[in-house]
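**Student:** Got a predicted structure plus its sequence, pasted below:
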Amino acid sequence: MRRWLRRIGIGLAALVLALTAASLAYNAATAGRDVAASKLYAGPYTEVDGTQLAYRHWGTHGTPIVLIGGFIEPSWVWHEVGPLLGRTHRVYAVDLPPFGYSQRRGPFTLAHWTELVQGFDSRLDIHRPVLVGHSLGAAVAVSVATKSPRTVAGIVLLDGDALPGGGAAGWLSHLLVPPWYTSVYRIATGWDWIVRKGLDNAWGSSTPPFTKAFIDEWQRPFRVSGTAAAFASMLGHGIQGVSTATIASVSVPRLVIWGSHDTVDSVSAGRETAALMHAPFVEIPGAGHLSMLARPALVARAIERLR
């Protein structure tokens, strides 16, 4: 038994060394893949509290709307909803760091995201906008509305219940050991099949337009320098959100919109959050978690109900 245990131990040690060597070689071969955000996205950018925030905008007149994306979502996800709302509104979509093309400067916490959104509004002279938060962005919208209710005209929670998801990701961050983590990160974020699979699970009942160009819009932000380290840091905070008491205390006009085929955050979770806020609940037929991409016209129409 001792002999076999020793052989197993030697075999495992050899495997670890081989994998580590392969990982180091792969990381060296792909070292040039990560570049400055400005090489991947021309802008616009604005500086808030020392952080370069990337954003997009549509429309030249009307009341303002600020769109806040969710986990790993670049502001590009609003590229169809934004122009529709921009017909009668001034619309802005901001990249929350470390997502999209904003500077990878932490801390990556709900409190800091809240400050950045408020600073973004102030920097661009956006007065009392409607905040639309998708998924993780829903918690940011609630946080801003409860901390500074006079600065917003209302909030819309889109496919996001604003609640924390627990602290499981916190211990996971301790397992993200280089060089293995770097290799896994680069393979996972650069492999079309993995990205397409994740998007497919979040899409809904309609046929998704997963062209190479579509997939590339999701993959490109992962190439911004510092993203892998930023994600590891963010996981240390777990899946962030606000308390049910905070949700219930929202006093500004509010609305909850949800994809009827959302399998990432259940429709029942959306209805519970709407009930807590005493907010109207709008279901988007056929849409999954990415309702703003699957059913942009219906989502834009629903958002405008809060005007």
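**Tutor:** That came through fine.
**Student:** tell me the pLDDT at residue 63?
**Tutor:** Residue 63 is assigned a predicted lDDT (pLDDT) of 96.
**Student:** wait, it sits on residue 153?
**Tutor:** Yes: assessed by CB atoms under 8 Å, residue 63 is found in contact with residue 153 at 6.9 Å. The C-beta positions use only the backbone N, C-alpha and C, and glycine is treated the same way.
**Student:** Need the residues touching each of these two.
**Tutor:** Overlap between the contact sets of residue 63 and residue 153, as judged by CB atoms under 8 Å, 6 or more residues apart in numbering, is given by 129, 130.
**Student:** which parts of stretch 192-200 are buried?
**Tutor:** Using 16 or more other CB atoms under 10 Å as the burial criterion, the residues of stretch 192-200 that qualify are 195, 199.
**Student:** List the contacts of that stretch.
**Tutor:** 188, 189, 208, 210, 212, 215, 218, 219, 290.
**Student:** Buried only: go through the residues you listed for me.
**Tutor:** Neighbour counting with 16+ other CB under 10 Å marks 189, 208, 210, 218, 290 as buried within those.
**Student:** So the first one versus residue 222, what's the distance?
**Tutor:** By that I understand residue 189. Distance of residue 189 to residue 222, computed by CB to CB, to the nearest Å: 4 Å.
**Student:** which stretches of this protein form strands?
**Tutor:** Here the chain has its strands, by DSSP state E, at 45-48, 51-58, 64-68, 90-94, 130-134, 154-158, 254-259, 281-284.
**Student:** How about residues contacting stretch 52-60?
**Tutor:** Contacts to stretch 52-60, defined as CB under 8 Å, 6+ apart, come from residues 37, 41, 43-47, 75-76, 78-79, 82-83, 85-95, 97, 100-103, 105, 116, 120.
**Student:** now the strands of the chain in TSV, with distance to residue 232 and mean neighbour count?
**Tutor:** Shown next, in TSV, are these (distance: least, CB to CB, whole Å; neighbours: other CB atoms under 10 Å):
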stretch	distance to residue 232	mean neighbour count
strand 45-48	23	17
strand 51-58	19	21
strand 64-68	23	28
strand 90-94	23	26
strand 130-134	24	28
strand 154-158	28	28
strand 254-259	30	26
strand 281-284	34	20
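**Student:** Among the ones you listed, which comes closest to residue 240?
**Tutor:** strand 130-134 (12.4 Å; CB to CB).
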